[in-house]
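> what's the 3D shape of this:
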Amino acid sequence: MIERNRLKLVTAYSGDFIEAKAIQDLLMENEIAATLENGYMASIAPWIVTPGGNNPVNVVVKDTDLEQALQLIDELKRSVPE
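Numbers count the residues shown, from 1 in each chain. Below is the predicted model:
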């Protein structure tokens, strides 16, 4: 019997394109593979991706990297004044 390791992707962050891209860059700098989901469509017509166009872009990571990714995102949010 052959066992296959399945890659499970989860959303670590949802926001607008610029915020999501900054989060993706932060994660990639810390050696966490991350990709943007809906990035292109959200830049053209965000209201089609999500109701009202709120938080149309997702930053997606492997489920095994989620905890570390969330810690980095929290640190970033605490360091940036609102």
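> use CA for all of it now, contacts and neighbours both
Noted.
> give me the three-state assignment for the spatially most central residue of the chain.
By CA atoms, centre = their mean, the chain has its centre lying nearest to residue 59, at 1.2 Å. Look at residue 59: counting by DSSP: H, G, I helix; E, B strand; the rest coil, its state is strand.
> that one and residue 25 touch, don't they?
No. The criterion here is CA atoms under 8 Å, and residue 59 misses it with residue 25 at 10.2 Å.
> so the residue nearest to the centre of the chain bridges to which residues?
residue 13, residue 36 (DSSP bridges).
> contacting residues for it?
If you count contacts by CA atoms under 8 Å, 6 or more residues apart in numbering, residue 59 has them with 11, 12, 13, 14, 20, 23, 24, 34, 35, 36, 37.
> please repeat the previous calculation with a cut-off of 6 Å.
11, 12, 13, 35, 36 (CA atoms under 6 Å, 6 or more residues apart in numbering).
> list the contacts for the nearest residue to residue 16 once chain neighbours are set aside?
In space, and not counting its chain neighbours, residue 16 is closest to residue 55: 5.2 Å by CA to CA, 6 or more residues apart in numbering. Contact analysis of residue 55 by CA under 6 Å, 6+ apart lists 14, 15, 16.
> with that, I have no additional questions.
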